[in-house]
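**Q** I need the structure of the sequence given here:
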Amino acid sequence: MIIRFNISNFLSFDKETEFNMLAGNVRRHPEHVMKFKNIKLLKSSIIYGANGSGKTNFIYGLSVLQEIIMSGELLGFSDSNKFKLNPKNKSLPITFEIEFVWNNKAYAYGISFHENLIEEEWLFQLGFPNKNESLIFERKTNTKGKSKLKFHPKYLKTEKSRLLKEVYEEDLLKKDVPFLNLARKRNFKEIKDCYEWFMDGMLIISPESRFTALASIMDNNEDFQKFANKTISELDTGIKKLKIKTIDFDVFFGEDNLAERDRVLKLVNDGEDVPIGDSNAVAYLENGRPVVKKLYSIHESQQSGEVEFELFEESQGSLRLFDFLPLIFLALKENVTIIIDEIDQSLHINLLRELIAKIQRESNLMGQLIFTTHESNLLDLDLFRQDEIWFTEKDKNGASNLYPLSDYDIRTEMDVSKGYLSGRFGAIPFLGNLKDLNWLENGKKAEPSL
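**A** Now for the predicted structure:
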C-alpha cells in the first residue's frame, strides 16, 4: 500500500510535490480507513483536474519509477522528461521518493538522476509507531561519476560482505543502473521486499489498457466468477451474467484460419494458456486435448428468457467494466495498490458512480484503489471523504500543483461538485470564463419549443 509519493522536476511538476494516502482528521466514512501499526491509511483516493493539469503526468511518474526499477536502467528518462518551463531545472535531477507498506513493513525508497546518471538512491525502513527510520542502503555519486554505497551495519558483519560492497562500487554498479535492481537477488531481505513491491504491489492501468485474460480467470477461478456475476447483476448494465462455453478447437478455428490455428496449437501443446480475441476466449489443454473456452454475456427478457450475446456486441462501457472487475477482485483479496488513469473513459457516469459506490462499500477491501478523472459528478461526500479527494491545477508558471480537499474548511452538506466547477477549490476544469468564448454572440439564440 502506498503511504506517500513525492515527485520533482518531472514533466509538469517543478518543485517537490507530494501525494499521500494518510487519513486526516475527517469523521466521515471511517470504514474507508485501514490501519498499519500506528498510522491510518486510506483505501481509496480520486484525483481531479482539467485536461493538461498534471493528473496523467503524476501517474506517469509512478509508472516511470516502476519501469526503471523493473528494467534495471534509466531508459533515457533523465533529460527529456524534465520540467522545461524553468531553465534552471535543466541542470537539476529528476527525483522520485515513495513510501509504501509491504510484508507488514514500511519502506521509503528514493532515486535522483540527471543526464543518464543516478546521483543518489536510498532505501530506509520506516519505524512505526515510535521508532526512527533505519537505513538499508544509500548510494551517492561524486563529481567524477563514481558511486559509493553505505549499508546498515548488519549487512557488513563479515569480510565477505565487506568485499562484496567493494566489488559493487568498483565493478558492478553502473551509472544508470538502480542498486535496488542490481542487488535484488542477493541476501538483502529488505531490498528483495522493496523490489517485490514494485513488481507485485503496484498495478498501473492506462486508459488504453485491456485485461486480456478474462475468459481464463472466469473459467479457472470460481470465486472470481461468482464475484463478477454478482457485481454485473447489481449494476445497471442490462447483463445478467457472463458465461463460459467449451468449443472444440478445430471447430473454433475452422478451415479458413489454419495458420492461426497452428500457431495457437503449438503454444497450447507447450503448456500455455493462449488468449484469443482480446479477452473473450482462451485456448489450453483440457484432459490432454486442446479446447477453446469462450466468454459470452447473457441478457434476459420476459419474451425470450436468457439470450447469449458475443462480447463484441456489448457497449464500450460494459467492456470497460469487464476490464475493471479483476482489478477490484484483486484489491479485495491482496495487499496491492491499483491505480487507474481516467477511470471515467468509456463508462457512463451512472454506471461509474454505481461501481465506485460499490467499491467504497466493500468493508473487506485489503488493497488500495487510486483513480484519476475529470468527471465532476463523482465529487460527492457521500462517496468520498475530504482527504480522499485530490485536485491538480497549473500555476501561472505552468507548474502542476496537487492538493487534497481536506486543505479546505468546508461544510459536510456542501455540494462539492458545484464548488469545484465554480473554482471554489482552485482546480477549475475550464480554459477560461465561458463569456470569453463568445458563445452567445456567435451562436443562434434558441427559440422556445412548443
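
**Q** got the contact list for residue 399?
**A** 12, 13, 14, 15, 83, 85, 86 (C-beta atoms under 8 Å, 6 or more residues apart in numbering). To be clear about C-beta, it is placed using only N, CA and C from the backbone, and glycine gets the same treatment.

**Q** hey, what's residue 4 bridged with?
**A** Beta-bridge pairing of residue 4 under DSSP bridges involves residue 20, residue 99.

**Q** in the one helix or strand residue 354 maps to, what's buried?
**A** Following DSSP states H and E, one finds residue 354 within helix 349-361. The neighbour-count criterion (16 or more other C-beta atoms under 10 Å) identifies 351, 352, 353, 354, 355, 356, 359, 360 as the buried residues of helix 349-361.

**Q** export it as CSV, just CAs?
**A** Taking C-alpha atoms only, helix 349-361 is exported to CSV below (Å, rounded to 0.1, in the frame of the first residue of the first chain):
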residue,chain,number,x,y,z
ILE,A,349,-21.4,8.4,-15.4
ASN,A,350,-24.3,6.5,-13.8
LEU,A,351,-22.6,3.1,-14.2
LEU,A,352,-19.3,4.6,-13.0
ARG,A,353,-21.0,6.1,-9.9
GLU,A,354,-22.6,2.8,-9.1
LEU,A,355,-19.3,1.0,-9.5
ILE,A,356,-17.4,3.4,-7.2
ALA,A,357,-20.2,3.3,-4.6
LYS,A,358,-19.9,-0.5,-4.6
ILE,A,359,-16.2,-0.3,-4.2
GLN,A,360,-16.4,2.2,-1.4
ARG,A,361,-19.0,0.0,0.5
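
**Q** Could you pull out the helices in this structure for me?
**A** 55-71, 77-80, 159-167, 179-182, 189-196, 214-220, 222-234, 249-253, 258-269, 316-333, 349-361, 416-421, 439-442 (DSSP state H).

**Q** among those helices, which is nearest residue 138?
**A** helix 179-182 (9.4 Å; C-beta to C-beta).

**Q** how close does residue 178 sit to residue 191?
**A** With distances taken as C-beta to C-beta, to the nearest Å, residue 178 is found 11 Å from residue 191.

**Q** Of these two, give the one with the bigger neighbour count.
**A** Comparing residue 178 with residue 191 by neighbour count (other C-beta atoms under 10 Å), the higher total belongs to residue 178, at 26 against 23.

**Q** which ones are touching that one?
**A** 68, 69, 72, 73, 111, 118, 121.

**Q** now these as CSV including neighbour count?
**A** Below are the contacts of residue 178 laid out as CSV (neighbours: other C-beta atoms under 10 Å):
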residue, neighbour count
68, 24
69, 21
72, 15
73, 17
111, 24
118, 25
121, 22
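
**Q** Tell me the one among these nearest to residue 8.
**A** Proximity of the contacts of residue 178 to residue 8 (C-beta to C-beta) peaks at residue 111, which lies at 11.7 Å.

**Q** Residue 402 versus the closest one, what's the distance?
**A** Distance, residue 111 to residue 402, by C-beta to C-beta: 20 Å.

**Q** Please apply the same query to residue 81.
**A** In terms of C-beta to C-beta, residue 81 sits 17 Å off from residue 402.

**Q** quick one on the thing from earlier: need the buried residues of helix 349-361 in CSV with pLDDT and distance to residue 329, can you?
**A** Shown next, in CSV, are those (pLDDT from 0 to 100; distance: C-beta to C-beta, whole Å):
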residue, pLDDT, distance to residue 329
351, 88, 18
352, 89, 18
353, 88, 20
354, 90, 17
355, 90, 13
356, 91, 16
359, 89, 11
360, 90, 16
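
**Q** Columns distance to residue 246 on top of the residues you listed, output as JSON lines?
**A** Listed next are these as JSON lines, based on distance: C-beta to C-beta, whole Å:
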{"residue": "351", "distance to residue 246": "30"}
{"residue": "352", "distance to residue 246": "34"}
{"residue": "353", "distance to residue 246": "37"}
{"residue": "354", "distance to residue 246": "32"}
{"residue": "355", "distance to residue 246": "30"}
{"residue": "356", "distance to residue 246": "35"}
{"residue": "359", "distance to residue 246": "32"}
{"residue": "360", "distance to residue 246": "37"}
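
**Q** which other helices and strands contact the helix holding residue 354?
**A** Under the contact criterion of 3 or more C-beta pairs under 8 Å, 6 or more residues apart in numbering; DSSP states H and E, helix 349-361 touches helix 222-234, helix 316-333.

**Q** Could you list the residues in contact with it?
**A** 29, 32, 44, 231, 234-237, 317, 321, 324, 328, 343-344, 347, 365, 369, 371, 375, 377-378, 383-384.

**Q** List only buried entries from the residues you listed.
**A** 29, 32, 44, 231, 235, 237, 317, 321, 324, 328, 343-344, 347, 365, 369, 371, 375, 378, 383-384.

**Q** Tell me the strands beside the lengthiest strand in the chain, with direction?
**A** Ranked by number of residues, the top strand in the chain under DSSP state E is strand 289-301. Its sheet considered, strand 289-301 pairs with strand 241-248 (antiparallel), strand 281-286 (antiparallel), strand 305-310 (antiparallel) by DSSP bridges.

**Q** could the helices and strands packed on helix 349-361 go into CSV alongside mean pLDDT?
**A** Below are the helices and strands packed on helix 349-361 laid out as CSV (pLDDT from 0 to 100):
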stretch, mean pLDDT
helix 222-234, 93
helix 316-333, 91
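
**Q** okay, those, which one's buried deepest?
**A** Stretch with highest mean neighbour count among those: helix 316-333 (a mean of 19; mean count of other C-beta atoms under 10 Å).

**Q** how many other residues sit next to the closest residue to residue 147 other than its chain neighbours?
**A** Excluding the flanking residues, the one nearest residue 147 by C-beta to C-beta, 6 or more residues apart in numbering is residue 141, at 4.6 Å. Using other C-beta under 10 Å as the criterion, residue 141 is surrounded by 19 other residues.

**Q** Next one: residue 141 from residue 96, what distance?
**A** 16 Å.

**Q** And the contacts of the longest strand of the chain?
**A** Identification of contacts with strand 289-301 by C-beta under 8 Å, 6+ apart yields 214-216, 218-219, 238-249, 252, 265, 268-269, 276, 279-285, 306-311, 313-314, 318.
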